[in-house]
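need a 3D model of the following:
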Amino acid sequence: MGSVVIISGWFLSALVALAVICWAGCALLAVRRRGRAGPIAAGCLAFLLTVAAAADLVNAHYGYLPRLDDVLGVKSWPTASADAALAPGSGRRYPDGVVIELPITGTHSGFGTRDAMIYLPPQYFTEPRARFPVVYLLHGSPGVPTDWFRGGEAAQIGADAAAGRSPGRGPQPAILVAPRVSRGWLDDSECVDGATEHVETYVIQDVIPTIDARLRSIPARADRVLAGMSAGGFCALNLGLRHRDLVATIIDLSGLTRPTYDAGTAKLFGPRPDLAQVVAANTPARYASTLPPNPPMRVWLDCGRADHEPLDDIREMARVLSGRRGFTVTLRLRPGGHDFGVWRPALREALRWAL
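This next block holds a predicted model:
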């Protein structure tokens, strides 16, 4: 699972060095006036290398596409078709597990049919009667489910958990499900039942029941985890707290504690007489202090110390929920900002705690 890492210091340094060499060559050829073709070619190459270095610098900051495979659109994780992987009695083996894409139809939500990316651990195939806990990975905005497997390295983290590669831990196999929670990369649904899309209903009434029907999941709240990063962190926190009958564990990575739709909540939920009540009911910062103690919940709150706005929200949510009976809260702050440099290790650590 991997290729050339392009967010490392040596790779960026090499790009910068090559760009400098090409610019110097361009200048030298121009001074010596040896035709126009040479300086033009060297200048074009230098320009492309400069753009590539700048793009890689931004990419390295966010850790969005860590490998060359990711830039080229090549999947750096094991894949199989859903039909092949889920065929009964196929006898297939996947030593590191496998990622499939499963279409999930919004029967109740009207959200359409969207492909979910699903990691199945190797034990799913070597232990054909076993059932497994499910971790739902909710992407951010902008974002798509693939983000969890590229920048988030979810397949590698799932494989390591299944193999028990963490010190002091035995195998912790789990199904990881990354559903689509937006209509497009730039769409921000906030995972609510809004004016134009009912994503809360899609996740709760379409995605979870489909996974329990199609896969060998453990269909119990104690074995369901809602996890998310950035806007997906808000999704995980809000949906988890609103549906405690279905979910027992929340992992919120750098999520805010209120809906932050750019056009405003009136546009998000539409014109309705009960708008204030609906907004309040989808704002954990407002309702968390009123939650009853049952059923009990575990909540992992995680954020980079340089990620100031989510950091304040995460700290306050940890304070509020820690003061409520029935909640077991873990607050983890780590170096970094609002990027996969925080979310990759956070997911790895949080899964060890959750499973």
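
host element of the closest residue to Leu291 other than its chain neighbours?
Nearest residue to Leu291 in three dimensions, chain neighbours excluded: Arg324, at 5.8 Å (CB to CB, 6 or more residues apart in numbering). Just so you know, the C-beta spots here come from the backbone N, C-alpha and C atoms, and that holds for glycine as well. In this assignment (DSSP states H and E), Arg324 forms part of neither any helix nor any strand.

now do the strands in the stretch 51-200 of the chain.
98-105, 113-120, 134-138, 175-178 (DSSP state E, counting those that start in this stretch).

out of those, which is closest to Pro219?
strand 134-138 (8.9 Å; CB to CB).

check contacts around the closest residue to Ile208 other than its chain neighbours.
Leaving aside its sequence neighbours, Ile208 sits nearest to Leu246 (CB to CB, 6+ apart; 6.5 Å). Going by CB atoms under 8 Å, 6 or more residues apart in numbering, Leu246 touches 204, 208, 221, 224.

where does Leu246 fall, phi/psi-wise?
The phi and psi values for Leu246, taken as degrees, to the nearest 10, are phi -110, psi -30.

how much space separates it from Leu226?
Distance, Leu246 to Leu226, by CB to CB, to the nearest Å: 9 Å.

just Pro219 next, same as before
15 Å.

and the two? which has more neighbours close in?
Leu226 (30 against 16; other CB atoms under 10 Å).

and the more buried one, what element?
For Leu226, the host element (DSSP H and E) is strand 224-229.

which helices and strands does the next helix or strand after that strand pack with?
Using DSSP H and E, the helix or strand that follows strand 224-229 in sequence is helix 231-242. Under the contact definition 3 or more CB pairs under 8 Å, 6 or more residues apart in numbering; DSSP states H and E, helix 231-242 sits against strand 134-138, strand 224-229, strand 249-253, helix 284-287, strand 297-304.

try it again at 6 Å.
Helix 231-242 is packed against strand 134-138, strand 224-229, strand 249-253, helix 284-287, with contacts defined by 3 or more CB pairs under 6 Å, 6 or more residues apart in numbering; DSSP states H and E.

re earlier: which of the contacts of Leu246 are buried?
Buried subset of the contacts of Leu246 (neighbour count, 16 or more other CB atoms under 10 Å): 204, 208, 224.
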